[in-house]
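# pasted the sequence and its predicted model underneath.
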Amino acid sequence: ANNGEAREANFALKYPEAKDVVVTVKQTAGNSGEYDVIYEVNRFEGIYFGTDYSTNYNYYIILSDIGANLDGSPKANGTYYFFDIYSKVAGDSDAPVLPNGTYKFDAENTFGDLTFSDDGSWYAEMDDKGAYKQSANIIDATITVTDGKFEAIVEFTNGEVHKIIYEGDLTVDFDYITSTF
């Protein structure tokens with residue numbers, strides 16, 4: 001376990017008559033106690049609804065460990081974070097990407113620029129049969145999106161504070177879910 005700063009190490013695998021292989025191992029900074037959970041997500045999926053539900057552009061984002069079903073519902077044994085995000089920035093007509101910005105939790109569901117709604121944003125853990133093992137609604141949160149990095153600090157109704165991190169392609173789909181993993 002790492003309780004300090006992020007760290008990185010390199011080591012070489014060597015074998016006679018074989019090319020050396022250098023392996024890099026990286027470990028993120030440890031949990032300093034500020035968050036109950038620090039979750040580095042490996043799946044980013046979403047649906048772009050344009051202005052179907054608001055005058056601002058709607059990006060419905062699903063972050064998880066194993067991906068969502070095609071209809072956006074959670075799979076058995078998965079951990080999921082759902083965010084219903086609104087921005088005045090339109091998505092590209094071929095491949096909409098979640099726009100950079102700092103998004104605030106919108107408990108009133110105004111669907112304003114740089115917000116994410118209470119109605120469509122939540123957390124769930126699924127059991128091995130696909131039933132909800134644990135779920136929680138958001139009390140307060142902030143999402144920061146910067147050039148391929150998604151980071152959220154979220155306080156949930158179960159009393160936990162989660163830090164959710166994803167780095168990679170932030171492209172979403174128009175009508176069905178496919179992973180950018």
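Perfect, I can see it now. Numbers count the residues shown, from 1 in each chain.

# shaky segments in this protein?
Applying pLDDT under 70 to the chain flags residues 1-4, 27-33, 175-181.

# check the spacing between residue 41 and residue 114 real quick.
21 Å (C-beta to C-beta, to the nearest Å). Heads up, the C-betas are built off the backbone N, CA and C, glycines and all.

# whoops, residue 98 was the one
As judged by C-beta to C-beta, residue 98 and residue 114 stand 12 Å apart.

# between the two, what contacts are shared?
residue 87 (C-beta atoms under 8 Å, 6 or more residues apart in numbering).

# neighbour-wise, which of these two wins?
residue 98 (24 against 18; other C-beta atoms under 10 Å).

# list phi and psi for the nearest residue to the more buried one once chain neighbours are set aside.
In space, and not counting its chain neighbours, residue 98 is closest to residue 170: 4.3 Å by C-beta to C-beta, 6 or more residues apart in numbering. Main-chain torsions, residue 170, degrees, to the nearest 10: phi -110, psi 30.

# surely residue 170 meets residue 44?
Yes: using C-beta atoms under 8 Å, residue 170 is in contact with residue 44, at 6.4 Å.

# can you classify the residue positioned nearest the centre of the chain as helix, strand or coil?
Geometric centre of the chain, nearest residue: residue 63, 3.6 Å, by C-alpha atoms, centre = their mean. In terms of secondary structure, residue 63 is strand; the call rests on DSSP: H, G, I helix; E, B strand; the rest coil.

# hey, what's it bridged with?
Here residue 63 sits in beta bridges with residue 44, residue 81, going by DSSP bridges.

# could you do residue 166 as well?
Here residue 166, judged by DSSP bridges, has bridge partners residue 150.

# any idea how far it is from residue 146?
12 Å.

# higher neighbour count, these two?
Higher neighbour count among residue 166 and residue 146: residue 166, with 24 against 11, using other C-beta under 10 Å.

# show the contacting residues for that one.
Counting by C-beta under 8 Å, 6+ apart, residue 166 has contacts 40-42, 44, 63, 149-151.

# of those residues, grab the buried ones for PyMOL.
Buried members of the contacts of residue 166, defined by 16 or more other C-beta atoms under 10 Å, are picked up in PyMOL with:
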select buried, resi 41+44+63+150
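
# so what touches stretch 96-107?
Residues outside stretch 96-107 that contact it (C-beta under 8 Å, 6+ apart) are 46, 48, 59, 61, 83, 85-87, 89-91, 112, 114-118, 121, 138, 140-147, 150, 169-172, 174.
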